[in-house]
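**Q** need the 3D shape of this:
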Amino acid sequence: MVVLDGATVAELGTKSVLDEVTCRYTDLSEADLLSADFSGTDLSDADLSGALLSHADFSRADLSDADLSEADLTSADFSGALLSADFSGALLPSANFSGTDLASTDFSGALLPNADLSGAYLSHADLSGAELSEADLSEAHLFDTDLSEAELSETDFSEAHLFDTDLSAADVSYVDFSGASLSETNLLETHLFSADLSEADVSDTDLSGANLSETDLSGIYLSDATARKTNFRSANFGNPDTDHRPTNLENAVFRNADLRGADFTDARLDQIDLTDARIDAQTTFDAETIYEREEDVTSDVRDDGDDAVPPSVWVHRRLERLHEENALSSVARQFHIRKQRARRRHHRRKGEWLGWASLTLLGATMGYGEKPQRVLGTAGAVVGLWTLLYPLGNWIVPNPGTPEAAQRGLDDGTSAAAAAVQYPAYPSSLAELPAYYDAVFGTLADSLYFSTVTFTTLGFGDFSPVGFGRVLATVESALGVTLFAVLVFVLGRRAMR
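**A** As a prediction, this is how the structure comes out:
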């Protein structure tokens, strides 16, 4: 075996010389190999620990089982090399591993800032505690890779495959995960501040305890993910343009998550678990869910035909409860109204006209139990309408012995029909118009008085309904009792919120 322990071998740094050398089992520990050319060289089982190898060329070299621990590999080129070597604690800033097979390689504690690992195969590799800030891992394959406690700030993982990767306690602030696959990845207590996760697939991933504040999550696929006690403050789940697919949070678990200031515009939220989640007035949700706006968007977590409670209704109901739990009662009322409107649209699409009509009536008369002014407006409309109806058929007459009866001459022999509250005949001359208007005003005043006391069921006994007027009075009394009960219910509901 050739022993070059501590030797200077820069003179061997030409490709023509090294091509003829077999360096298997060679001991090059702590050697000075600055800018050496090992391209295509067989270095399997070689000891390069602690060696100075900055700017060295290892392209297409065989480094299987080689020991490169604590070596200085600054700007070294490993493109196309065969690697299952030990790089633990090695210095690898700006090293080139693009497209290299690094399966099961040990990079634990290595320094790899600005390294090029794009398209590299890192399955089962150990990168725990490694320094990878600003490194390029775009389109890399990291199946079951250990990145726990790694420094990954500003690293590029765009379009990378990180299936079942361990990122627990790693610093991934400002990292680009756009379009990456993070399915079943462990992100426990990971720091993801201002990271870009747009259009990433994070399904079945555990984000519990992670920090994703101010992170771009637009278009992310988080279906079935778990995010207990996760910090999503000011995170963007929205879809401001059509370039991104809608963010999918269906069936995700956001228990005890901090969602204050987060934007959920256009997000798919069917069956999401928001138990004990925290929101504030700056947390943004759609006034109309994506399931309502786009008929081709359906829930992925439901069986076909399972629409007893359609996704739009379910989402509005869950958001109503969420806002109630966070003392945002005015917004909770809005989501209750939106929920009922979504139910009404669902009935209409299904051709369930009775349900549609009842919800339409409830919305018009009481704002689905949230608007007392609607109840008062409906009461005023009933009183006003009946005021106009009563004089049409001479359906209310003064009771004998009352001042109204004496005023109308009923006690002096005038017939009940003549004394009834009725509209006067239109005058034949303009000179009679003032008297006509006075008579109309008097008729409406008496009719309004009778309509009001009938609606409120006070009934002072000044007038009595006759003929069809009894039917009108009965209906008005029933409406009065009902609307007063509704008013008490609506006021009580608002007080309870």
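**Q** hey, let's count contacts and neighbours off CA atoms from now on
**A** Fine.
**Q** can you verify my assumption that Ala420 contacts Ile396?
**A** Yes - Ala420 is within contact range of Ile396, at 5.8 Å (criterion: C-alpha atoms under 8 Å).
**Q** those two - which one has more neighbours?
**A** The neighbour count for Ala420 versus Ile396, taken as other C-alpha atoms under 10 Å, is higher for Ile396 (29 against 24).
**Q** quick one: pLDDT of the more buried one?
**A** pLDDT, Ile396: 90.
**Q** for it, list each beta-bridge partner.
**A** For Ile396, the beta-bridge partners under DSSP bridges are Pro465.
**Q** OK, contacts around the residue sitting nearest the centre point of the chain?
**A** Per C-alpha atoms, centre = their mean, the C-alpha nearest to the average position across the chain is that of Phe264, at 3.4 Å. By C-alpha atoms under 8 Å, 6 or more residues apart in numbering, the contact list for Phe264 reads 236-238, 283-286.
**Q** how far away is it from Pro246?
**A** Remark: distance between Phe264 and Pro246 (C-alpha to C-alpha, to the nearest Å) = 10 Å.
**Q** give me the common contacts of these two.
**A** Gly238.
**Q** what lies in contact with stretch 55-65?
**A** With C-alpha under 8 Å, 6+ apart as the test, stretch 55-65 has contacts from 33-46, 73-86.
**Q** and stretch 450-465, by the same measure?
**A** In contact with stretch 450-465 (C-alpha under 8 Å, 6+ apart) are residues 383-384, 386-387, 395-399, 402, 404, 473, 476-481.
**Q** next, the distance between the ends of that stretch.
**A** End to end - C-alpha to C-alpha - stretch 450-465 spans 9 Å.
**Q** which helix of this structure spans the most residues?
**A** In the chain, assigned by DSSP state H, the helix with the most residues is helix 468-496.
**Q** now the helices for the stretch 251-400 of the chain?
**A** Counting by DSSP state H, counting those that start in this stretch, the stretch 251-400 of the chain has helices at residues 290-293, 311-325, 329-350, 353-366, 372-389.
**Q** deepest-packed of the ones you listed, please.
**A** Per residue and on average, the most neighbours among the helices of the stretch 251-400 of the chain fall to helix 311-325, with a mean of 22 (mean count of other C-alpha atoms under 10 Å).
**Q** output that helix as PDB - backbone C-alpha positions only.
**A** Provided in PDB are the C-alpha atoms of helix 311-325 (Å, rounded to 0.1, in the frame of the first residue of the first chain):
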ATOM      1  CA  PRO A 311     -68.100  21.400   1.800                       C
ATOM      2  CA  SER A 312     -69.100  25.000   1.600                       C
ATOM      3  CA  VAL A 313     -71.600  24.700   4.400                       C
ATOM      4  CA  TRP A 314     -69.200  22.700   6.500                       C
ATOM      5  CA  VAL A 315     -66.400  25.300   6.100                       C
ATOM      6  CA  HIS A 316     -68.600  28.300   7.000                       C
ATOM      7  CA  ARG A 317     -69.900  26.400  10.000                       C
ATOM      8  CA  ARG A 318     -66.400  25.600  11.200                       C
ATOM      9  CA  LEU A 319     -65.200  29.100  10.700                       C
ATOM     10  CA  GLU A 320     -68.300  30.500  12.500                       C
ATOM     11  CA  ARG A 321     -67.300  28.400  15.600                       C
ATOM     12  CA  LEU A 322     -63.600  29.300  15.300                       C
ATOM     13  CA  HIS A 323     -64.400  33.000  15.400                       C
ATOM     14  CA  GLU A 324     -66.700  32.500  18.300                       C
ATOM     15  CA  GLU A 325     -64.000  30.700  20.200                       C
END
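**Q** Tyr221 and Ser29, how far apart?
**A** Taken as C-alpha to C-alpha, the span from Tyr221 to Ser29 is 47 Å.
**Q** more neighbours: those two, which one.
**A** Counted by other C-alpha under 10 Å, Tyr221 and Ser29 do not tie: Tyr221 has more neighbours, with 28 against 23.
**Q** how does this protein divide up, domain by domain?
**A** 1-96, 372-496 (automatic domain parsing).
**Q** Thr230: which of these is closest?
**A** domain 372-496 (30.7 Å; C-alpha to C-alpha).
**Q** run the chain-centre distance for that closest one.
**A** 53 Å (C-alpha atoms, centre = their mean, to the nearest Å).
**Q** start and end of it, how far apart?
**A** Span of domain 372-496 from end to end, C-alpha to C-alpha: 14 Å.
**Q** can you show me the strands along the chain?
**A** For the chain, the strands defined by DSSP state E occupy 62-63, 82-83, 396-398, 463-465.
**Q** now render these as TSV, adding distance to Thr185.
**A** Formatted as TSV, the strands of the chain follow (distance: least, C-alpha to C-alpha, whole Å):
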stretch	distance to Thr185
strand 62-63	29
strand 82-83	24
strand 396-398	79
strand 463-465	78
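**Q** rank the ones you listed by pLDDT, which is bottom?
**A** Across the strands of the chain, the lowest-scoring stretch is strand 82-83, with a mean of 76.
**Q** packing partners of that strand?
**A** Using 3 or more C-alpha pairs under 8 Å, 6 or more residues apart in numbering; DSSP states H and E as the contact test, the elements touching strand 82-83 are strand 62-63.
**Q** list the contacts for Ser223?
**A** 202-204, 248-252.
**Q** and it, how far from Leu188?
**A** Here the distance between Ser223 and Leu188 works out to 17 Å (C-alpha to C-alpha).
**Q** before we move on, back to that, so which of the domains of the chain comes closest to Leu354?
**A** domain 372-496 (20.4 Å).
**Q** among the contacts of Phe264, which has the minimum pLDDT value?
**A** Ranking the contacts of Phe264 by pLDDT puts Gly238 at the bottom, with 82.
**Q** Thr265 is in contact with that one, correct?
**A** Yes - using C-alpha under 8 Å, Gly238 makes contact with Thr265 at a distance of 4.3 Å.
**Q** more crowded one of these two?
**A** Gly238 (26 against 22).
**Q** contacts only, for Thr387.
**A** 444, 447-448, 450-451.
**Q** so of these, which ones are in helices?
**A** Reading helices off these with DSSP H, I get 444, 447-448, 450-451.
**Q** among those, who's most crowded?
**A** Going by other C-alpha under 10 Å, Ser451 tops the ones in helices among the contacts of Thr387 with 28 neighbours.
**Q** what's the spacing between that one and Thr402?
**A** 18 Å.
**Q** again, but for Ser104
**A** 105 Å.
**Q** now do His347
**A** 53 Å.
**Q** and if you look at Pro465?
**A** 15 Å.
**Q** these two: who's more crowded?
**A** Set side by side, Pro465 and Thr402 show more neighbours around Pro465, with 21 against 14, by other C-alpha under 10 Å.
**Q** relative to Thr454, how far out is that one?
**A** Counting by C-alpha to C-alpha - Pro465 and Thr454 are separated by 10 Å.
**Q** the stretch 1-150 of the chain: helices as residue ranges?
**A** Remark: helices assigned in the stretch 1-150 of the chain by DSSP H, counting those that start in this stretch are 15-18.
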